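[1] One predicted model, sequence on top.
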Amino acid sequence: MKTKVVHITEENLSEAAREAGELLKNGEVIAIPTETVYGLAAQIYDDDAVRKIFEVKGRPQDNPLIVHISERSMLSALVDEIPAAAETLMDHFWPGPLTIILKKTNCVSDIVTCGLDSVAIRFPVHPVARAIIDATGIPLAAPSANLSGKPSPTSAEHCIHDLDGKVPLIIDGGPCSVGVESTVISFTGKRPTLLRPGIITIEEIRSLIPDAVISPDIFRLIGSDEKVASPGLKHKHYAPDCDVLLIDAAKSDYVDFLLKYHKEGDYAMCFDGDVPDVPISYRTYGDSDSPEELSHNVFAVLRELESLGAKRVLIHAPGATGKNLAVSNRLIRAAGFKVVKI
Ligand code: TXA
Ligand code: MG
């Protein structure tokens with residue numbers, strides 16, 4: 001299949017959204033930009049189209065998809081009831097990088113939810129994503145547009161790398177501003193439960209709904225046969241095609257570690273100003289005090305190091321609180337939970 005790439009400008013947005021919408025209505029799967037990461041989209045009322053998402057990504061069959069809407073009125077087909085606390089979060093954070101899990105209606109196919117009785121819903125703020133959903137007129141199921149297990153794509157180039165020849169259209173909306181996937185919160189249990197940290201933090205959520213909790217599953221390695229609230233937590237994630245080791249240390253200890261243990265083929269992935277005074281190649285992923293910058297760059301730098309042929313990446317670990325929890329969580333998983341604490 002030949003993949004067409006359309007770069008969005010102010011002038012061509014509505015025509016490109018119309019073209020994307022036509023393909024989606026006809027059951028095709030295409031890559032679209034959002035403010036978090038690029039998504040691999042299909043319309044939710046065509047089971048064969050949704051099945052194609054799993055095929056193209058090589059996604060495990062038990063990992064449900066997020067449904068993307070462009071108007072709150074689209075919710076009525078997806079869910080019967082919206083708890084008041086969920087409504088509060090929608091009022092405050094939508095459109096934006098927050099995914100809310102609610103009990104689903106029968107209109108939402110089991111192919112989308114992998115048989116769960118709940119559905120994850122996201123209302124992106126990205127104007128191109130919204131224009132494409134509007135043009136389709138149907139909510140879109142869309143996981144991140146990477147091949148399963150790989151770092152999420154935050155630019156059209158990343159999508160081309162993973163999907164060229166596999167989808168008819170990649171919509172290039174430029175680099176994603178946030179860079180890590182949406183915060184996911186579930187309203188299916190006794191208390192609202194954070195299932196995936198993102199740039200919207202648990203502290204921000206608790207300031208509106210104080211009884212929200214973080215799922216302990218976020219912090220641990222989960223066995224492939226365990227039953228967990230968010231099936232995505234079980235699977236290998238965000239990993240480039242090389243070894244990744246996370247080093248949780250102050251700057252001087254990190255540099256000492258590099259000096260002592262680096263091998264041929266290693267790359268350091270460090271903060272601005274860390275510049276390792278050692279004969280090792282490195283890339284920086286931002287200022288250690290700026291979780292926004294680290295989130296924005298994390299997947300692009302992992303992908304760059306993979307393309308440079310790194311055999312092993314030695315990453316200076318970010319903090320793990322507040323807005324840093326999201327990037328820290330992605331890196332721990334990219335490292336397969338291999339963390340050296342000094
Ligand atoms: O920012 C984002 O959320 C991006 C963009 C494209 O919108 N999408 C994204 O989708 O990150 P994906 O498929 O890579 O991650 C969806 C996560 C998975 O961990 C999945 O297990 C979880 O959401 N999920 C989806 N539906 C669920 C449900 N009904 N119950 C529990 N977890 C669910
Ligand atoms: Mg993903």
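    Sure, I can see it. Ligands and ions are numbered 1, 2, ... in the order given.
[2] how far away is the residue nearest to Ala212 when sequence neighbours are not counted from ligand 1?
    In space, and not counting its chain neighbours, Ala212 is closest to Pro192: 4.2 Å by CB to CB, 6 or more residues apart in numbering. Using the backbone N, CA and C atoms, a C-beta is placed for each residue, glycine as well. Going from Pro192 to ligand 1 by CB to the nearest ligand atom, to the nearest Å gives 13 Å.
[3] these two touch, right, Pro192 and Val213?
    Yes. Between Pro192 and Val213 there is a contact at 7.3 Å, judged by CB atoms under 8 Å.
[4] Tell me which of the two has more neighbours.
    Set Pro192 next to Val213 and count neighbours by other CB atoms under 10 Å: Pro192 wins out with 24 against 14.
[5] which ones are touching that one?
    Applying CB atoms under 8 Å, 6 or more residues apart in numbering, we find Pro192 in contact with Ala85, Ala86, Ile185, Ser186, Ile205, Ile209, Asp211, Ala212, Val213.
[6] For the stretch 101-250 of the chain, just list every one of the strands.
    In the stretch 101-250 of the chain, the strands defined using DSSP state E, counting those that start in this stretch lie at 118-122, 140-141, 169-172, 183-186, 193-196, 213-214, 243-248.
[7] In CSV: the ones you listed, plus mean pLDDT and distance to Ile280.
    Formatted as CSV, the strands of the stretch 101-250 of the chain follow (pLDDT from 0 to 100; distance: least, CB to CB, whole Å):
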stretch, mean pLDDT, distance to Ile280
strand 118-122, 98, 39
strand 140-141, 98, 42
strand 169-172, 98, 34
strand 183-186, 98, 34
strand 193-196, 97, 32
strand 213-214, 96, 35
strand 243-248, 96, 13
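[8] which of these is buried the deepest?
    Mean neighbours per residue, mean count of other CB atoms under 10 Å, is largest over these for strand 140-141, with a mean of 30.
[9] So which elements touch that one?
    Counting contacts by 3 or more CB pairs under 8 Å, 6 or more residues apart in numbering; DSSP states H and E, strand 140-141 packs against strand 39-43, strand 66-68.
[10] same thing but 10 Å
    helix 13-25, strand 39-43, helix 47-57, strand 66-68, helix 110-113, strand 118-122, helix 127-136 (3 or more CB pairs under 10 Å, 6 or more residues apart in numbering; DSSP states H and E).
[11] Of those, flag the one that's most buried.
    By mean count of other CB under 10 Å, the helices and strands packed on strand 140-141 have strand 39-43 as the most buried, with a mean of 29.
[12] still on that earlier bit, let's have the helices and strands packed on strand 140-141 in TSV, adding distance to ligand 1.
    Output for these, formatted as TSV (distance: least, CB to the nearest ligand atom, whole Å):
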stretch	distance to ligand 1
helix 13-25	14
strand 39-43	3
helix 47-57	9
strand 66-68	5
helix 110-113	5
strand 118-122	3
helix 127-136	8
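[13] I'd like to know which of these lies nearest to Lys263.
    The closest of the helices and strands packed on strand 140-141 to Lys263 is helix 47-57. By CB to CB, the value is 32.7 Å.
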